[in-house]
Structure formats: C-alpha cells, structure tokens
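1. Okay, sequence plus prediction incoming.
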Amino acid sequence: MKLPAVLPDAPPSNVSGRTTSITLFTTQKWWGRFFMPFMFATSRAFPKALAAMDGLSFISFASWSLIRELPYNGPPQQVRRLRFAHLFFEVSFNGSWTQYIDSSVRVLTTGMYSFWSSSRSFPGPLPAAPFQAFFKDHEVDTSHYYCAYPEATVTTVRSALALEERLDMFAHRAENIPAAAFDAAWQAFLEHAQVHL
Amino acid sequence: MRSPNIAGGTYSLMIWTPIRPGAEDALRAHLEGLDRRSSPLATLPRTHMARWLIVPDMPVPPRTHLRDPLGNQYLLFTSNFDGDVDSYLHELVELMGEAAAIWSHCIGCPRPAEGAALKAYLHRNQVDSGFAFAAYGNASVAQIKTALDKRARLIDLVVRAQEMAPAERRTAFLKQFGSA
C-alpha cells in the first residue's frame, strides 16, 4: 500500500522528513498483566502471524512493552509501586497520523483486538473515529525524533534493497558485455528493475 | 525463541530515567531545541530511528479515576539500531557529546556524566521490550543508505540515458556502477 508524503497532522517534533512517530501508553485491565506477556511470547514464537503488518508497507519499526515497574535510582526518585500495568507502544511510519490509524484498523482489525483489548477505554478498531480518539487520549508527544533516512518511505527502502542486488549483478556482467550488445542488455535489465524505480 | 528486544538485525532499546525535580522544563527545552536536521543521534551511525520524550505521568483513561502517579517525570529514550546493546551504549557515551547534557538532568546520573559510569547508568535503567517489529529484516543503516544512494543514481542515469547514444550509455553506466 503506497501512501503520499506526510501531511501535517502531527506535531513537528513527532516528524522526521517523511517519517512520523507515535508513542502511546494505555492502562491495562487486570487480566492484561497476564495476557499481554502471552501475546508478546506468541508473537515472538510465530512472527509470521504479523505478516499483515509487514504487508502494510508503511510501518518501519514498532515495539510494545508492558510497564509494571521502573528502575529505582535512589532519592529524590519517589518509590512507587504502579497500581496498574501500562502498555507502551511506539511506532515509526510513513504518511499522516490519520492515514496510519485508518489504514491500520482496516487491515489489522483482528490484530488490533489482540493488542489493545486489554487496554481500558479501548473502543474497538472500527469505526475509526473512536479509535483515533483513543490514540489521541493516550499519546505522549516526542521531544526529539530522529530517522537516519528521513526522506525514504518503507516502500522506497524495500525497493532500493531489492534493486541493489540486481544492479550489482548487472554491473558485474556489464563490464564484459561488448559495446554493441550493451543496449539490449541495458533494456532487459531496466525491464526487470523498473518495478523498483 | 528470540529476545524480546530483537527484530531482524535490529535491537529495540528503551531507557527510563527519572528527571530531577525542578529540571523538567530545562530538559524539555533542551531536547526541543536540538537541531532536527542535524540531530546529535546522527553521530551514532547504527541508529535507524530514535526518540527522546518526557513522560509527565501515565495518561489517565478518559472518564475514569484511574490515576497511577509515577511520582517523578521520566525521560524516555528509545532507539532501533543495528547490533548489540553493549557496544551501542559504549558508542552513545563516547561519540554523542550531547549525552552528558541530556542525562545530567536525571536522578542517579553519575557526575561527570560520561564514560563507563554513564554507560552503566543507562544500562541499569533499561526496560525490556515485549515485542518488536522491524520492516527491513537484517538490513543495516549502512546497507540501506548505500542501496538508497544507488537507486537514486540509477534513476538519474535512466533519465539522462534517454538522450545518450548507445556507446555513451555503456560508458556512463560503467562510470557510475562499474566494479560496484
């Protein structure tokens, strides 16, 4: 799924070039404390279950974690035992904030239930508007966000990686192709490579 | 089963450090004032994506009274990078001069905020991920940048080559990509 460049619907500090970040914390229901570690373990054991997420082609990195306690560094840090477990979620993606939510809920509907149903106030993924409000209510803005290749989309990076192998092979071969035969080889190469350009 | 912090060839790092009471605004201003086009994080060449944010408290679900005070505001640093965490933290404290200026706002940060002591502090405040996703498999930052550069150069050549004679095309291609 190809998306246009980022539209300005996220604070500038959450954006780096064409990449946008979201960081979210949600309070867990009592059973989330047990269910989410099970979900994480299952997802790690069977990563193919996330093929749909891979297929979205606009998410570059994401991670989830269950926060139950934070490291203690001595005073004046206050000693707190959290009443609830909190789900931490961060994602980097191309496109606008609204596009991300809308596309995710439509493609990953089942997955959304798996990862968010243990969160309090989760309205369900569809319709999208209440789910957008759920994200807004639990989002914390980034103060500084960095991306090493800010102008590249996920599709561009994947295309570039796929193209490089073909290009290197053709370049290696091209040195031995006689000048008279080069044009035909060049056209054949482009025919195969154009999908990545 | 793979580590919860690893996805493909990348490591998903998360570090929570409590901010000294009264230093929250200064730290926020410092982070927000960092040059976004020339980020200090660019000095860590293995970093794909990274962020700093200040967590004042856990968001409260709307229409509930489920406050869960953290007691302090926290600096949260997350990064997706190539390789192992030990060498990355070493690079972070040695190569990124900004590290001292940032984490010196936090409780428990060693003084001076540098070297092995700062690295140990950051390590001690790491919180494991539960599950991480990376779209590029084992591709490193360097590999991605090289591939993007080659793609851009090829696109440029394809456009220019339309105006070239056949012999010129071969020369131009080998000049760009010969012995690649």
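-> Here it is on my side, so go on.
2. Low-confidence regions, chain A specifically.
-> A:1-8, A:49 (pLDDT under 70).
3. Point me to the residue sitting closest to the centre of it.
-> For chain A, A:Ile59 is the residue whose C-alpha lies nearest the centre (C-alpha atoms, centre = their mean; 2.9 Å).
4. next one: chain B
-> Centre-nearest of chain B using C-alpha atoms, centre = their mean is B:Ala50, 2.8 Å out.
5. give me the beta-bridge partners of that one?
-> Counting by DSSP bridges, B:Ala50 is bridged to A:Tyr146, B:Ser79.
6. What's the separation between it and A:Thr26?
-> 23 Å (C-beta to C-beta, to the nearest Å). Bear in mind the C-beta positions are built from the backbone N, C-alpha and C, glycine included.
7. thought the residue nearest to the centre of chain A was touching A:Glu90?
-> No. The pair A:Ile59 / A:Glu90 is not scored as a contact, 11.1 Å apart, by C-beta atoms under 8 Å.
8. Hmm, B:Asp61 is touching A:Arg120, no?
-> One thing to correct before we go on: residue B:61 is Pro, not Asp. Yes. B:Pro61 is within contact range of A:Arg120, at 4.4 Å (criterion: C-beta under 8 Å).
9. hey, what's in contact with both of the two?
-> A:26-27 (C-beta atoms under 8 Å, 6 or more residues apart in numbering or on different chains).
10. Doesn't A:Ile22 belong to a strand?
-> Yes. Assessed by DSSP: H, G, I helix; E, B strand; the rest coil, A:Ile22 belongs to a strand.
11. contacting residues around it?
-> Here A:Ile22 is in contact with A:10, A:14, A:89-91, A:93, A:97, A:100, A:135, A:139 (criterion: C-beta under 8 Å, 6+ apart).
12. Ok, A:Phe122 next?
-> Contacts of A:Phe122 (C-beta under 8 Å, 6+ apart): A:26, A:116, A:134.
13. Tell me the most packed of the residues you listed, by neighbour count.
-> Counting neighbours by other C-beta atoms under 10 Å in any protein chain shown, A:Thr26 leads the contacts of A:Phe122 with 26 neighbours.
14. How much space separates B:Lys150 from chain A?
-> 6 Å (C-beta to the nearest C-beta, to the nearest Å).
15. Show me the helices in chain B, by range?
-> Using DSSP state H, the helices found in chain B span residues B:24-32, B:85-95, B:98-103, B:115-124, B:141-161, B:166-177.
16. again but with chain A, I slipped
-> Under DSSP H, chain A gives helices at A:32-45, A:51-55, A:97-107, A:109-116, A:128-138, A:154-174, A:179-193.
17. touching chain B at all, the shortest one?
-> Yes. Shown here: helix A:51-55 in contact with chain B (C-beta under 8 Å from any C-beta of the partner chain) through A:53-54.
18. any idea how far that helix is from the chain center?
-> 10 Å (C-alpha atoms, centre = their mean, to the nearest Å).
19. Show me what that helix is packed up against.
-> Helices and strands touching helix A:51-55, by 3 or more C-beta pairs under 8 Å, 6 or more residues apart in numbering or on different chains; DSSP states H and E: there are none.
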